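> all I have is the shape, not the residue letters:
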């Protein structure tokens with residue numbers, strides 16, 4: 001009781017037992033190896049328990065354990081830690097490579113450049129680096145090699161905050177019309193976007209696949225449209241790109257490497273990944289049959305989201321070579337191949353002003369509290385709003401074989417001085433849950449928490465199904481959707 005407890009990281013949720021027995025804080029010891037599931041088990045997704053937790057390098061932990069042995073396993077220590085929630089503006093980095101004979105047709109290539117870790121100061125991101133490194137090398141290559149179509153290269157930020165960078169880009173692309181050079185307002189035939197292609201590969205395997213969806217929006221693979229009529233035959237018909245890639249490998253190396261079968265572009269796409277995952281390409285909902293991501297098949301991306309995601313712990317780097325050859329050959333062909341100009345998505349196909357129903361919404365909400373004396377609701381400045389996709393909140397969908405809740409289905413927004421927060425590109429027809437909190441900036445203890453009473457969720461539900469609004473704006477600055485929190489204390493109840 002009243003102790004600071006040292007534990008190995010690989011103890012699942014058993015740190016809660018120490019807190020139940022009265023521990024003041026937990027010091028986790030750096031493991032030799034670990035998994036995403038073990039690391040994400042070190043925080044709670046739906047209960048913001050006040051339980052200080054820190055991570056200690058193994059060599060320092062060894063020294064501390066030696067001191068404990070010296071003093072008969074009882075040592076007075078002082079632990080100081082501080083974690084602040086801050087709003088940081090982080091850019092999407094965008095580059096262009098003009099085409100030649102088909103310069104008005106665009107291929108958009110992208111990867112994310114951020115990383116996430118359960119230990120924020122140790123988000124080293126070696127696994128995530130392969131996607132952005134590939135994108136940079138493709139940009140170098142296409143700056144030196146002519147290509148018929150123009151290419152837009154995007155390094156996305158905010159991937160681990162609900163693909164925030166990709167959602168912000170799509171919002172600016174089709175609602176604000178921020179790139180008229182790509183999709184002109186008055187297009188001629190065949191003037192616009194051909195494909196949206198993401199990259200997220202790892203050396204944990206040497207096989208590659210073209211994933212048309214992920215678990216983020218859980219949209220499934222479009223059964224009709226461009227993907228069915230063009231993309232699937234292009235890759236998998238006799239003599240298609242996959243056959244040509246196998247032929248080239250056999251000619252050069254006398255062997256081939258794995259490429260996902262055509263089932264990856266069907267409802268069996270999830271059979272090619274042992275884990276749940278999210279892709280930035282999911283943000284392109286307005287043109288979903290033209291988006292896909294190059295991704296390593298049958299790989300666990302083992303150290304991603306852990307503090308051990310370092311270069312020295314990566315698998316055999318040579319496994320990347322076959323995947324890069326596939327990507328280079330494929331993007332070169334796709335930037336030069338002839339297609340029917342009518343298959344190019346123009347502004348009239350994707351611009352929000354032409355939608356018969358929204359593909360997604362720009363959402364505006366407000367964290368508020370109820371004042372019983374004035375019978376009014378007032379905004380809560382600097383509130384932390386937890387956003388949860390309803391399938392994650394109600395069913396634990398996409399738990400990846402017992403590895404815990406799908407992390408990509410949960411992220412956080414911070415409100416401004418009026419309690420208002422804005423979220424771009426929330427999927428039409430999807431249900432989201434919004435939980436407002438306010439923390440003490442010094443102690444991190446909870447000051448306000450979601451109100452489920454008669455003045456709270458009974459009047460302004462925390463769960464909203466994004467249907468019905470004809471406009472792309474779901475809520476406005478003048479009339480935001482309100483989510484109520486109440487001033488509170490905290491009681492810890494275990495078991």
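Yep, that arrived. Just so you know, these numbers come straight off a predicted model, no measurement behind them.
> excluding chain neighbours, what is closest to residue 316?
Here the nearest residue to residue 316 in space, its sequence neighbours aside, is residue 203; by C-beta to C-beta, 6 or more residues apart in numbering that works out to 5.9 Å. Any C-beta I mention is one placed from the backbone N, CA and C, and that applies to glycine too.
> so what's the residue count around the one you found?
By the criterion of other C-beta atoms under 10 Å, residue 203 has 19 neighbours.
> quick one: it and residue 313 touch, right?
No - using C-beta atoms under 8 Å, residue 203 is not in contact with residue 313, being 10.9 Å away.
> secondary structure element for the residue nearest to residue 316, which one?
Under the criterion of DSSP states H and E, residue 203 resides outside all helices and strands.
> partners of residue 108 in the sheet?
Residues in a beta bridge with residue 108, per DSSP bridges, are residue 152, residue 196.
> return the distance of it relative to residue 153.
According to C-beta to C-beta, to the nearest Å, residue 108 and residue 153 sit 8 Å apart.
> what about the two, which has more around it?
residue 108 (24 against 20).
> returning to what we had before: list the contacts of the residue nearest to residue 316.
Taking C-beta atoms under 8 Å, 6 or more residues apart in numbering, we find residue 203 in contact with 130, 314-320.
> and of those residues, the nearest to residue 24?
For the contacts of residue 203, the residue nearest residue 24 by C-beta to C-beta is residue 314; the value is 37.1 Å.
> in contact with the closest one, which residues?
By C-beta under 8 Å, 6+ apart, the residues touching residue 314 are 126-127, 203.
> which of those sits closest to residue 253?
Closest to residue 253, out of all of the contacts of residue 314 and judged by C-beta to C-beta, is residue 203, at 18.0 Å.
> what subset of the contacts of residue 203 is buried?
Those of the contacts of residue 203 that meet the buried threshold are 130, 314-315, 319-320, by 16 or more other C-beta atoms under 10 Å.
> out of those, which comes closest to residue 300?
Taking the buried ones among the contacts of residue 203 together and measuring to residue 300 by C-beta to C-beta, the closest member is residue 315, at 10.3 Å.
> I'd like to know how far that closest one sits from residue 437.
For residue 315 relative to residue 437 (C-beta to C-beta), the value is 39 Å.
> now do residue 143
Distance of residue 143 to residue 437, computed by C-beta to C-beta: 47 Å.
> out of the buried ones among the contacts of residue 203, which sit inside helices?
Under the assignment DSSP state H, the buried ones among the contacts of residue 203 contribute 130, 319-320 to helices.
> so where's the stretch 351-495 of the chain uncertain?
By pLDDT under 70, the weakly predicted segments of the stretch 351-495 of the chain are 391-406.
> what's the first-to-last distance across stretch 26-35?
Start-to-end span of stretch 26-35 (C-alpha to C-alpha, to the nearest Å) is 19 Å.
> contact partners of that stretch?
4-10, 15, 18-19, 38, 42, 51-58, 61, 64, 79, 302-303, 306-308, 403.
> show me which residues of that stretch are buried.
For stretch 26-35, the neighbour count (16+ other C-beta under 10 Å) marks 26-31, 34-35 as buried.
> can you check stretch 417-431 too?
Buried-residue list, stretch 417-431, by 16+ other C-beta under 10 Å: 419-428, 430-431.
> out of those, which comes closest to residue 90?
Nearest to residue 90 among the buried residues of stretch 417-431 is residue 424, at 14.5 Å by C-beta to C-beta.
> tell me the strands beside the helix or strand containing that closest one, with direction?
Residue 424 belongs to strand 420-427 when elements are defined using DSSP H and E. If you go by DSSP bridges, strand 420-427 pairs up with strand 360-371 (antiparallel).
> list of residues touching stretch 76-93?
For stretch 76-93, contacts defined as C-beta under 8 Å, 6+ apart pick out 4, 25, 27, 52, 54, 113-114, 120, 154-158, 165, 168-169, 384, 412, 414, 439, 441, 444.
> okay, and which of the residues you listed map to strands?
4, 25, 27, 54, 154-156, 384, 412, 414, 439 (DSSP state E).
> starting at the chain centroid, how far to stretch 369-384?
In terms of C-alpha atoms, centre = their mean, to the nearest Å, the centre of stretch 369-384 is set 31 Å apart from its chain centre.
> give me the buried positions along that stretch.
Within stretch 369-384, the residues that count as buried by 16+ other C-beta under 10 Å are 369-370, 377, 379-380, 382-384.
> now residue 283: closest residue in space that isn't a chain neighbour?
Closest to residue 283 by C-beta to C-beta, 6+ apart is residue 166, at 3.7 Å.
> make sure that neighbour is actually in contact with residue 156.
Yes - here residue 166 reaches residue 156: they are 5.1 Å apart, a contact under C-beta under 8 Å.
> now do the SS call for the residue nearest to residue 384 when sequence neighbours are not counted.
Leaving aside its chain neighbours, residue 384 sits nearest to residue 437 (4.8 Å; criterion: C-beta to C-beta, 6+ apart). Assigned with DSSP: H, G, I helix; E, B strand; the rest coil, residue 437 falls in the strand class.
> quick one: residues contacting residue 437.
By C-beta under 8 Å, 6+ apart, the neighbours of residue 437 are 48, 383-386, 446, 448-450, 485.
> could you pull out the helices for the stretch 1-150 of the chain?
Under the criterion DSSP state H, counting those that start in this stretch, helices of the stretch 1-150 of the chain are mapped to 15-20, 36-40, 58-70, 129-144.
> now those helices as TSV including distance to residue 242 and mean pLDDT?
Shown next, in TSV, are the helices of the stretch 1-150 of the chain (distance: least, C-beta to C-beta, whole Å; pLDDT from 0 to 100):
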stretch	distance to residue 242	mean pLDDT
helix 15-20	47	92
helix 36-40	30	89
helix 58-70	45	93
helix 129-144	20	98
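> return the most buried member of these.
helix 36-40 (a mean of 21; mean count of other C-beta atoms under 10 Å).
> give me the local confidence score for residue 272.
Looking at residue 272, its pLDDT stands at 97.
> ok, the closest residue to it other than its chain neighbours - contacts?
Distances taken as C-beta to C-beta, 6+ apart place residue 297 nearest to residue 272, at 4.5 Å, with adjacent residues excluded. Going by C-beta under 8 Å, 6+ apart, residue 297 touches 205, 207-209, 258, 260, 264, 272-273.
> out of the residues you listed, list just those in helices.
Short answer: these have none in helices (DSSP H).
> could I get the phi/psi values of the closest residue to residue 175 other than its chain neighbours?
Distance criterion C-beta to C-beta, 6+ apart; nearest residue to residue 175, sequence neighbours excluded, is residue 352 at 4.7 Å. Per-residue torsions, residue 352: phi -60, psi -30 (degrees, to the nearest 10).
> need the contacts of residue 297 in TSV with neighbour count and distance to residue 360, can you?
Below are the contacts of residue 297 laid out as TSV (neighbours: other C-beta atoms under 10 Å; distance: C-beta to C-beta, whole Å):
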residue	neighbour count	distance to residue 360
205	21	32
207	18	32
208	26	29
209	24	26
258	16	34
260	22	28
264	24	25
272	21	26
273	22	24
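> between those residues, which is closest to residue 229?
Out of the contacts of residue 297, the member with the shortest distance to residue 229 (by C-beta to C-beta) is residue 264, at 17.1 Å.
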